[in-house]
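Chemist: predicted model and sequence below, questions to follow.
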Amino acid sequence: MFPMCSRRLRLVQVGAKGWGLLVVLMGLVASTYASGAALESVPDRTVVLTFDDSVASHHRVVRPLLKELGFGATFFITEGFSFRTNKQDYLTWEQIAELHRDGFEIGNHTRDHLGVTADTLGLLREQVEAINRRCAEHGIPRTTSFSWPGNSIHPGAFPILRELGIRFARRGGQPEHPYEGGRGFAFEPGVDHPLFIPSAGDARPSWVLSDFRRAVDQARGGRVAVLQFHGVPDRDHPWVNFPEERFREAMSYLKSGGFRVLALRDLSQYVDASVWPPDPMAVVNRRRAAMAAAESPAPTVEESVGAR
Ligand SMILES: [Zn+2]
C-alpha cells in the first residue's frame with residue numbers, strides 16, 4: 001500500500017512540474033505572437049540602469065563612475081521627500097541639468113513621489129507635468145520614461161501616461177517576488193507591457209555581488225535586465241541604501257563582462273512602445289505559475305525507492 005501511495009504522490013509532483021513546463025511553453029508561444037511589438041533582437045548582456053528619488057550621491061558618486069565606464073542610465077526625478085530644503089541629501093536642478101548634458105536620461109518620478117492608486121489618478125497628470133515644467137526651465141527635454149513611486153501601480157494610469165508622452169515605465173520586482181530582498185525578472189520585449197516593466201533587481205543594503213549577478217545574468221535570450229537603484233549611498237532612505245564600494249564592484253562586473261549598459265529610453269530600439277499586450281498581468285501570471293511549479297518538492301529518496 002505504501003509504494004502505491006508514493007507512486008501516486010510522485011505522479012502528482014511530476015504533474016505539477018509538467019504544468020510548469022506547459023505554462024512556460026505557452027508563454028513562449030505567446031511571446032512569439034506578441035512579437036509584433038518587438039523590433040531589433042536584443043543582444044545578450046544588455047542592461048538598463050535606473051536611479052530613483054533624486055539623491056545627491058547620483059551626482060557625486062554615480063555620475064563620475066558611469067562617465068568613466070561609458071555607461072548610460074536613467075535618473076528618475078522627484079521633488080518629494082525633503083528635496084526642496086535638504087541639499088545635503090538631494091540633487092539640485094542644476095545638477096540634474098548637468099546629468100542631462102552628460103547624456104544621461106532624465107525620467108519622471110512625479111513631483112511629490114505620488115503613489116498611484118484609484119484615489120490619486122486624478123492628480124497624476126499635474127504631478128508629471130510639474131516635473132516636465134522644471135525640466136523645460138533647465139533645458140532638459142520633456143520626459144518619456146516614468147518610474148512608479150513606491151511601486152504603487154494602477155492600470156487606469158496607463159492611458160494618462162501615454163497621453164503625457166510616457167513610452168516606458170518601470171516597476172519593482174513585485175508582484176512576482178515580494179518587496180523584501182529586491183529580486184525580480186528581466187524585461188521581455190513584446191511580452192511585458194511597456195508601462196509595466198519589471199526590475200530584474202532592486203538593490204538593497206544587504207546585497208553582495210552574487211545578488212547583483214542573479215539580476216543581471218538574466219540578460220540573455222532576448223531579455224533586458226533593468227536594474228533599480230536609489231542612493232549610492234542613501235542616507236535618507238536607509239532601507240534601499242547601496243554602499244559605494246558595492247556599487248563600484250557591481251559596475252566592474254558589468255564592464256569586465258562586456259555588458260551593454262543603457263538608459264530606459266534606449267529600449268525603443270528593441271520594442272515598439274505603442275503596441276500594448278492585451279493583458280499586462282498575463283506574463284506575471286505565467287512567471288508565478290512557473291515559480292510555483294519549480295518550488296514543488298521533488299520526491300524523497302524513500303518515496304522514489306518505495307515506488308519501484
Ligand atoms: Zn521613489
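Modeler: Thanks, I have it.
Chemist: please name the residues that touch the residue of the stretch 151-300 of the chain found nearest the ion.
Modeler: Of all residues in the stretch 151-300 of the chain, H230 sits closest to the ion, at 7.1 Å by CB to the ion. Every C-beta, even on glycine, is put in place using the N, C-alpha and C of the backbone. The contact partners of H230, by CB atoms under 8 Å, 6 or more residues apart in numbering, come to F51, D52, D53, V55, A203, H237, V240, N241, F242.
Chemist: which pLDDT value belongs to the nearest residue to the second one once chain neighbours are set aside?
Modeler: In space, not counting the residues next to it along the chain, D52 is nearest to F76; the distance is 4.7 Å by CB to CB, 6 or more residues apart in numbering. The predicted local confidence for F76 comes out at a pLDDT of 98.
Chemist: are the helix or strand harbouring F76 and the ion in contact anywhere?
Modeler: Element membership for F76, per DSSP states H and E: strand 74-77. No: using CB under 5 Å from the ion, strand 74-77 stays clear of the ion, coming no nearer than 7.0 Å.
Chemist: check stretch 54-63 too.
Modeler: No: using CB under 5 Å from the ion, we find that stretch 54-63 stays clear of the ion, coming within 8.8 Å at best.
Chemist: report all helices and strands that the helix or strand that contains V283 contacts.
Modeler: Per DSSP H and E: V283 is located in helix 282-295. The helices and strands touching helix 282-295, judged by 3 or more CB pairs under 8 Å, 6 or more residues apart in numbering; DSSP states H and E, are helix 2-33.
Chemist: let me see the mean pLDDT of the helix it packs on.
Modeler: The pLDDT scores in helix 2-33 average 42.
Chemist: can you map out the strands along the stretch 201-308 of the chain?
Modeler: Assigned by DSSP state E, counting those that start in this stretch, the strands in the stretch 201-308 of the chain fall at 201-202, 225-229, 260-262.
Chemist: worst-scoring helix or strand of the chain, pLDDT-wise?
Modeler: Here the helix or strand of the chain ranked lowest by mean pLDDT, DSSP states H and E is helix 2-33, holding a mean of 42.
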